[in-house]
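Visitor: Here is a sequence together with a model predicted from it:
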Protein chains: 2
Amino acid sequence: MDRMNRGITAKGLATRQRIVVAAALLAREKGAAETTLDDVRAATSTSKSQLFHYFPDGRADLLVAVAEHEADQVIEAQQPYLGDLATWESWQGWSRAVLAHYAELGERCPLSSLTSELGKSSPEARAVVGALFATWEAALLRGTMAMLPDRVAAVRQARSILAAVQGGVAMLQGTGRTEYLEAALAAAIAPLKTGAAA
Amino acid sequence: MDRMNRGITAKGLATRQRIVVAAALLAREKGAAETTLDDVRAATSTSKSQLFHYFPDGRADLLVAVAEHEADQVIEAQQPYLGDLATWESWQGWSRAVLAHYAELGERCPLSSLTSELGKSSPEARAVVGALFATWEAALLRGTMAMLPDRVAAVRQARSILAAVQGGVAMLQGTGRTEYLEAALAAAIAPLKTGAAA
DNA sequence: GCATGAGTGGACCATGAGGTCCAGCCGGGT
DNA sequence: ACCCGGCTGGACCTCATGGTCCACTCATGC
């Protein structure tokens, strides 16, 4: 196969990806803090040297990669609705998709453990989270602007919806019940139905 | 002084309390996961043996005590408003109090780090969080029932408001900006102003 | 074929952090 | 005065875990 740039072969990339995915899974199951390099090693049938080969800065490096991966997943799970929130129906569809996704995930939220584990220490992790929220908010904002005449109201509405999702998920994690996310989502997008500003 | 029950003297209790408060502070500053027993020991000018004297199960025990302490603080910070949410004015006051409190705390939220650190492992920690949410929701529910005629709507409204706070705080932690909490709070309590159900 | 470098295996090291233990202190109750 | 039991100090142990190192394989291009 073709020579990849930077001397990384396709096989190497595949291994790296395998590691990231497995680590992400572990991080979801038992929390990022409790996920050790040995766990990852065992789960992927790799060796320590490979871990450090693909993630030179070790654990921190790996966790950042995991965070990026999970951030992608978060956006992915909301598609195709998130990309086109121009009608009340699509908002409803989005809302259902979000609810279904997190109900399936249950109490293990990929982000929270990562943010609290990496948020403090590594600036790149914060950047990942920041980027995620930025694209997320931007997509929601496009949607609210399509539904509300007032731009300022649309901005506030988008923020409120994003916070509602976060809060619903937080409650889901804390209590194991989906009612909060359900109620929060419904209440947050309700103003979009009639077009009345928040 | 009087013989305390269980052979714990007042002096001992004071020391224990000192430890909990200091540990809570540390947990807020640098996260629960990054707070070591040695940190606590240094911050309180105590010795290892004291830590284990007052918290026989060690670190886990201490963190549960910290969680209880922080849970109390969370409720405390919302008083006196939370106890009497019978009017629109008191809801506004409560909302301001919540916003001010978390704006002051900034990005360090006592609960999130504790839940993600203890939530998985120790069942007692989950109980603490569960109890906190229960009393919190109950207080909010008393308030929404005072404002809304329909009981079912009041329940949903209370949940939505609670989720809004959680979400706003989550966003505050993630981004450092208070706009989300602000928008989420305003949107969440808006239906209470006119008495229209969510 | 052979040299080069990515990929892999696994032994090994360093250390931070939780937990144990015992010895000494202090106060107050009889 | 004395003694018991809580309180305190700190040395010490144990071990999990992140990280290092070197040897080996394997593919690929010359």
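Guide: That came through fine. Quick caveat, the model's predicted, so the values are computed rather than measured.
Visitor: contacts and neighbour counts: CA atoms only from here.
Guide: Fine.
Visitor: Point me to the helix or strand that includes residue A:72.
Guide: helix A:59-76 (DSSP states H and E).
Visitor: for that helix, packing partners?
Guide: In terms of contacts (3 or more CA pairs under 8 Å, 6 or more residues apart in numbering or on different chains; DSSP states H and E), helix A:59-76 is packed against helix A:10-30, helix A:110-118, helix A:123-147.
Visitor: Name the residues that touch stretch A:182-194?
Guide: With contacts defined as CA atoms under 8 Å, 6 or more residues apart in numbering or on different chains, stretch A:182-194 is touched by A:88, A:91, A:95, A:99, A:144, A:147-148, A:157, A:160-161, A:164-165, A:167-168, A:197-198, B:156-157, B:159-161, B:163-164, B:187-188, B:198.
Visitor: Quick check: buried residues in it?
Guide: A:182-192 (16 or more other CA atoms under 10 Å in any protein chain shown).
Visitor: Could you do stretch A:57-71 as well?
Guide: Buried, per 16+ other CA under 10 Å, within stretch A:57-71: A:60-71.
Visitor: again, but for stretch A:36-52
Guide: A:37, A:40-41, A:44, A:51.
Visitor: out of the residues you listed, which are inside helices?
Guide: In this view, these that belong to helices under DSSP state H are A:37, A:40-41, A:44, A:51.
Visitor: check contacts around residue A:18.
Guide: residue A:44.
Visitor: Return the set of buried residues in the helix or strand harbouring residue A:154.
Guide: Secondary structure from DSSP H and E places residue A:154 in helix A:151-175. Judged by neighbour count (16+ other CA under 10 Å), helix A:151-175 contains these buried residues: A:153-175.
Visitor: From those residues, list the ones also adjacent to DNA strand D.
Guide: When CA under 7 Å from any atom of the strand is applied, no member of those is adjacent to DNA strand D.
Visitor: Residue A:107 touches residue A:173, doesn't it?
Guide: Yes - with contact defined as CA atoms under 8 Å, residue A:107 reaches residue A:173; the gap is 4.3 Å.
Visitor: Next, give phi and psi for residue A:57.
Guide: phi -90, psi 10 (degrees, to the nearest 10).
Visitor: hmm, I was thinking of residue A:149
Guide: According to degrees, to the nearest 10, residue A:149 has phi -70, psi -40.
Visitor: Look up how far residue A:190 lies from it.
Guide: 15 Å (CA to CA, to the nearest Å).
Visitor: and if you look at residue A:67?
Guide: 32 Å.
Visitor: again, but for residue A:130
Guide: For residue A:130 relative to residue A:190 (CA to CA), the value is 27 Å.
Visitor: Repeat that for residue A:68.
Guide: Residue A:68 sits 32 Å away from residue A:190 when distances are taken as CA to CA.
Visitor: swap in residue A:171?
Guide: 20 Å.
Visitor: how about the lowest-mean-pLDDT helix or strand in chain A, does it reach chain B?
Guide: In chain A, the helix or strand scored least confidently by mean pLDDT, DSSP states H and E is helix A:110-118, which has a mean of 78. Yes - remark: helix A:110-118 sits within contact range of chain B at A:112-113, A:115-117, by CA under 8 Å from any CA of the partner chain.
Visitor: And the nearest residue to residue A:144 once chain neighbours are set aside, how far from DNA strand D?
Guide: Excluding the flanking residues, the one nearest residue A:144 by CA to CA, 6 or more residues apart in numbering or on different chains is residue A:154, at 5.1 Å. Distance, residue A:154 to DNA strand D, using CA to the nearest atom of the strand, to the nearest Å: 43 Å.
Visitor: per-residue confidence at residue A:154?
Guide: You'll see residue A:154 listed with a pLDDT of 97.
Visitor: Does it touch residue A:145 like I think?
Guide: Yes - between residue A:154 and residue A:145 there is a contact at 5.3 Å, judged by CA under 8 Å.
Visitor: which parts of chain A sit against DNA strand C?
Guide: Counting by CA under 7 Å from any atom of the strand, chain A sits next to DNA strand C at A:6-13, A:15, A:45-50, A:53.
Visitor: contacting residues for residue A:76?
Guide: Per CA under 8 Å, 6+ apart, neighbours of residue A:76: none.
Visitor: how close does it sit to DNA strand D?
Guide: For residue A:76 relative to DNA strand D (CA to the nearest atom of the strand), the value is 28 Å.
Visitor: quick one: low-confidence ranges for chain A?
Guide: A:1-6, A:195-198 (pLDDT under 70).
Visitor: Please name the spatially closest residue to the closest residue to chain B within chain A (chain neighbours excluded).
Guide: Chain A approaches chain B most closely through residue A:167 (3.3 Å), counting by CA to the nearest CA. In space, residue A:167 comes closest to residue B:167 once its chain neighbours are excluded; the distance is 3.3 Å by CA to CA, 6+ apart.
Visitor: Good, we can wrap up now.
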